[in-house]
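>>> model the following, please.
(chains A, B, C, D, E and F)
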Protein chains: 4
Amino acid sequence: MSLHRSGPVRSEAARRSILEATARLFVERGYERLTIEGIAAEAGVGKQTIYRWWRAKSAIVSECLLEGLLLSHRLVPPDTGDVHRDLVDWMGEIFRLMAEPSGEVLVRSLIAAATEDAQIGRKLRDTLGSSVITDRLRAGVGSASNLYEGAPFEEIAEALVGSAIVRALSREPGDRAAAEALVTASIGRPAAF
Amino acid sequence: MSLHRSGPVRSEAARRSILEATARLFVERGYERLTIEGIAAEAGVGKQTIYRWWRAKSAIVSECLLEGLLLSHRLVPPDTGDVHRDLVDWMGEIFRLMAEPSGEVLVRSLIAAATEDAQIGRKLRDTLGSSVITDRLRAGVGSASNLYEGAPFEEIAEALVGSAIVRALSREPGDRAAAEALVTASIGRPAAF
Amino acid sequence: MSLHRSGPVRSEAARRSILEATARLFVERGYERLTIEGIAAEAGVGKQTIYRWWRAKSAIVSECLLEGLLLSHRLVPPDTGDVHRDLVDWMGEIFRLMAEPSGEVLVRSLIAAATEDAQIGRKLRDTLGSSVITDRLRAGVGSASNLYEGAPFEEIAEALVGSAIVRALSREPGDRAAAEALVTASIGRPAAF
Amino acid sequence: MSLHRSGPVRSEAARRSILEATARLFVERGYERLTIEGIAAEAGVGKQTIYRWWRAKSAIVSECLLEGLLLSHRLVPPDTGDVHRDLVDWMGEIFRLMAEPSGEVLVRSLIAAATEDAQIGRKLRDTLGSSVITDRLRAGVGSASNLYEGAPFEEIAEALVGSAIVRALSREPGDRAAAEALVTASIGRPAAF
DNA sequence: TTTTAACCGAGACGGTACGTCTTGTCTTATA
DNA sequence: TATAAGACAAGACGTACCGTCTCGGTTAAAA
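Here you go, the predicted model:
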């Protein structure tokens, strides 16, 4: 007598195939023009296999994001010890991504997906920002006028991510100077040496 | 000899009817479940009349926004002379809107619409933020640590709007304390008395 | 290893429902005002189910005709042994059908359908005429001046059906006397007694 | 006091232009794909000008037919004195027309138009057949077994036209042999010399 | 000569139907 | 019992025409 139900178990191959197909089509066509049927065809999978395991296309995208299939992890800020410079480099990198057509579609599509699925919204906020940035900010206390003990680190991180999103939505991606200005607006001017 | 082409002229009645129907359905159902057919039916108008004048549903929503049919103008910050308090009140108002189910759908839907139409993105940024806020910030120079002469006012305003959008996407609308923290993160601490 | 493809099989219920709905609407409204959408609605079926199996509305009508859903089988000539009288009775019956408004619409609509689909044309010719009539003509050799051994039986049958169609198109259905004249024109005068 | 109304009179230029455009499009695309909008555009005319003078597209086609813009008058049987041969030549000519793709579309389209407009049906019957043929038949009394004094000349002509129409509908246009057989079926065998 | 009514072209309007696409569910045969 | 395949009811898409109505401009008979 067994505690296991009978029959085959979820196919990992199908799952991977679906996630990879989704990532491919998402990047290629954007979220709006991504369809369940298209994913099924691209993945060589029956539609039911998708519906069995995910409640909506946003959930598949969410899982892609979780698996790192959509946003590369190069979006982590560098750590040179100079917080202001690191953040400017990091925002600059984000703006550079958004300046390429494919990156622009990707980010915009992620925002679209986020409007349907809070988890994507949170993941987007966290991936682009939050925890990593918060730690860096905390470590930089004293190095800029707004980075004092007990400063609203979370909110500062949020404001930076938010700025990037607003730029994505208004299609004005910004450049290094904009990154500079935004970071200065967020953490204040660097402390004099 | 005339500068006018002959033939009937665009029906203002149909235009208004379409915009009003769109606003009604948008608030009621959100952007995703808003359909051209639904708008046509609600407005008592042929579909072709819509396609003749707008290239996509996002364009209709954009025009609604422009005509003030979607975001009430109560989202303008008060002016008590105390910039910090005014901004906190204003962000608090936005968070209050986003805490109601209908307001949450509205804002999220506007973001979804913005992912398809840059003009909506810009209008959203400007309506929620930019010019009005920028002016207020400029007037408040000296009243908070980040509001010095030549500070990046635009970027500060952008960061505030961006924060609200991030909150909308992650479904963590925030309360008065969050508003307080965000404003403090953006414009720094109020000047000492 | 199997010769069968997987997946569900064509729904016979849907097929019947579509054909019956088509027959009903065809008789009621005529071919021109018969629409795919109307058929789908009447049959309680999705439009795609129709388009999956038929290339045009004429093909559905054709299949209705094949299944005997449109022309009752009372249009078979009687067999009393007297070919001339039998043919007159049969043409009279056709004219009687065409004299009723609903029959008139039916026949005219079948002709309209035939202009779009050769198969309907052939079926119409055969159902109204050909094989059955040809046999009867062949059996009547010697009983009329044109019914000799090796006479063009096919062409005679065709001429009779053609006459009926011309009458339908010119809305002059004819009566028993016309039937008499036509039959006489086709097979010649009855043999003298 | 006058019986004449004021204002300009019907534009003959517009009328001709419409009829010619109709004839051109009818031949080119067939009756089904002929549209009022297409005619208006082709004729360089407002739609209202069409609707002012004709109740339906079938009426325009009918008028084209009347003006000889659709069926050339070469479809008149020759007159060599030998009725049987003349009729065979004439039917052969009709079959030859129907064997060309454009002629096939034309005839089939005329039948389609006739299903909507009795006048077209009658005109078709008369143009292809009736009066001219009837006269010829009457003149041929004695030259074939069915052409006796008081024979159903009208019905014979009708049967010939009907045969051609049946052939058009079943897309089996026939050749000279078929013409021979049909004529023989209709008027009987030529009298022995 | 002025008026005036009907003509003309253009084309916007409220509609209907088209044929296609996608959704989410259901069914079948296979593994 | 999970899978690939795919039929199904539903319904939105964007397009094509329908027949009506509304413009500004033109024309010819009536006043």
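
>>> so who does the most centrally placed residue in chain A touch?
Centroid-nearest residue in chain A: A:L124, 3.6 Å away (criterion: C-alpha atoms, centre = their mean). With contact taken as C-beta atoms under 8 Å, 6 or more residues apart in numbering or on different chains, A:L124 is in contact with A:65, A:110-111, A:114, A:161, B:169-170. For glycine as for every other residue, the C-beta is placed from the backbone atoms N, C-alpha and C.

>>> and the contacts of the one helix or strand in chain A whose mean pLDDT sits lowest?
When the helices and strands of chain A are scored by mean pLDDT, DSSP states H and E, helix A:130-139 comes last with a mean of 82. By C-beta under 8 Å, 6+ apart, the residues outside helix A:130-139 that reach it are A:76-77, A:79, A:83, A:86-87, A:90, A:147, A:151, A:153-154, A:156-158, A:160-161, A:187.

>>> narrow those residues to those that are buried.
Taking 16 or more other C-beta atoms under 10 Å in any protein chain shown as the criterion, what is buried in those is A:77, A:83, A:86-87, A:90, A:147, A:151, A:153-154, A:156-158, A:160-161, A:187.

>>> and those residues, which is closest to chain C?
When the buried ones among the contacts of helix A:130-139 are compared for distance to chain C (C-beta to the nearest C-beta), A:V161 wins out at 43.5 Å.

>>> just checking, the closest one touches A:R125?
Yes. Counting by C-beta atoms under 8 Å, A:V161 does reach A:R125; the two are 5.6 Å apart.

>>> who touches both of these two?
Shared contacts of A:V161 and A:R125 (C-beta under 8 Å, 6+ apart): B:V166.

>>> the least confident helix or strand of chain A: what's the following helix or strand?
Downstream of helix A:130-139, the first helix or strand assigned by DSSP states H and E is helix A:153-170.

>>> show the average pLDDT along that next one.
In this model, helix A:153-170 has a mean pLDDT of 90.

>>> tell me the pLDDT at A:P173?
83.

>>> residues touching it, list them.
Contact analysis of A:P173 by C-beta under 8 Å, 6+ apart lists A:95, A:98-99, A:104, A:167.

>>> quick one: the residues you listed as a markdown table, columns for neighbour count too.
Shown next, in a markdown table, are the contacts of A:P173 (neighbours: other C-beta atoms under 10 Å in any protein chain shown):
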| residue | neighbour count |
| --- | --- |
| A:F95 | 22 |
| A:M98 | 22 |
| A:A99 | 12 |
| A:E104 | 16 |
| A:R167 | 23 |
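
>>> which one among these gets closest to DNA strand E?
Of all the contacts of A:P173, A:E104 has the smallest distance to DNA strand E: 21.8 Å, by C-beta to the nearest atom of the strand.

>>> which parts of the helix or strand hosting A:E104 are buried?
Using DSSP H and E, A:E104 falls within helix A:101-116. Going by neighbour count (16+ other C-beta under 10 Å), the buried part of helix A:101-116 is A:103-116.

>>> could I get the average pLDDT for the very next helix or strand once past that helix?
Once the chain leaves helix A:101-116, the next helix or strand it forms, by DSSP H and E, is helix A:118-128. Mean per-residue pLDDT for helix A:118-128: 86.

>>> from the chain's centre, how far out does helix A:118-128 sit?
6 Å (C-alpha atoms, centre = their mean, to the nearest Å).

>>> could you find the closest non-adjacent residue to A:S11?
Once flanking residues are discounted, A:S11 sits nearest to A:T49: 7.7 Å by C-beta to C-beta, 6 or more residues apart in numbering or on different chains.

>>> phi, psi of that neighbour?
Backbone torsions of A:T49, given as degrees, to the nearest 10, read phi -60, psi -30.

>>> and it, what pLDDT?
We have a pLDDT of 96 for A:T49.

>>> for D:V61, see how far away it is.
Here the criterion is C-beta to C-beta, to the nearest Å. By it, A:T49 lies 56 Å from D:V61.

>>> over to A:H84?
81 Å.

>>> which of those two has more neighbours?
D:V61 (29 against 20; other C-beta atoms under 10 Å in any protein chain shown).

>>> what residues are up against that one?
Taking C-beta under 8 Å, 6+ apart, we find D:V61 in contact with D:22, D:26, D:31, D:34, D:70, D:110, D:113, D:117, D:120.

>>> who touches the nearest residue to the fifth one once chain neighbours are set aside in this structure?
Excluding its sequence neighbours, the residue lying closest to D:L70 (C-beta to C-beta, 6+ apart) is D:C64, at 5.1 Å. Each residue near D:C64 by C-beta under 8 Å, 6+ apart is listed here: D:19, D:22-23, D:26, D:70.

>>> touching chain B at all, stretch A:76-89?
No. Residues of stretch A:76-89 contacting chain B under C-beta under 8 Å from any C-beta of the partner chain: none, with a closest distance of 12.4 Å.

>>> how long is that stretch from one end to the other?
Distance across stretch A:76-89, first residue to last, is 10 Å (C-alpha to C-alpha, to the nearest Å).

>>> over to stretch A:119-138?
First-to-last distance for stretch A:119-138 - C-alpha to C-alpha - comes to 26 Å.

>>> quick check, distance from it to the centre of its chain.
Remark: stretch A:119-138 is offset 9 Å from the chain centroid, using C-alpha atoms, centre = their mean.

>>> buried set for it?
By 16+ other C-beta under 10 Å, the buried positions in stretch A:119-138 come out as A:119-130, A:132-134, A:136-137.

>>> which SS class is the residue nearest to A:I156 when sequence neighbours are not counted?
Once flanking residues are discounted, A:I156 sits nearest to B:A185: 4.7 Å by C-beta to C-beta, 6+ apart. Secondary structure, DSSP: H, G, I helix; E, B strand; the rest coil: B:A185 is helix.

>>> count the neighbours of B:A185 for me.
Neighbour count for B:A185, taken as other C-beta under 10 Å: 28.

>>> tell me the spacing between it and D:S143.
Note on B:A185: its distance to D:S143, by C-beta to C-beta, is 111 Å.

>>> same question for A:L71.
Taking C-beta to C-beta, one finds A:L71 at 95 Å from D:S143.

>>> cool, A:R122 as well?
From A:R122 across to D:S143, the span is 99 Å (C-beta to C-beta).

>>> near chain B at all, the helix holding A:E104?
Yes. Helix A:101-116 is in contact with chain B by C-beta under 8 Å from any C-beta, via A:108-109, A:111-112, A:114-116.

>>> tell me which two in these are the farthest apart.
Distance extremes for those: the farthest pair is A:R108 and A:E116 at 13.8 Å, using C-beta to C-beta.

>>> shaky segments in chain A?
With pLDDT under 70 as the threshold, chain A has low-confidence stretches at A:1-8, A:73-74, A:129-130, A:192-193.

>>> for whichever residue of it sits closest to chain C, which residues are in contact?
Residue nearest to chain C within chain A (C-beta to the nearest C-beta): A:G46, separated by 9.2 Å. Taking C-beta under 8 Å, 6+ apart, we find A:G46 in contact with A:A40.
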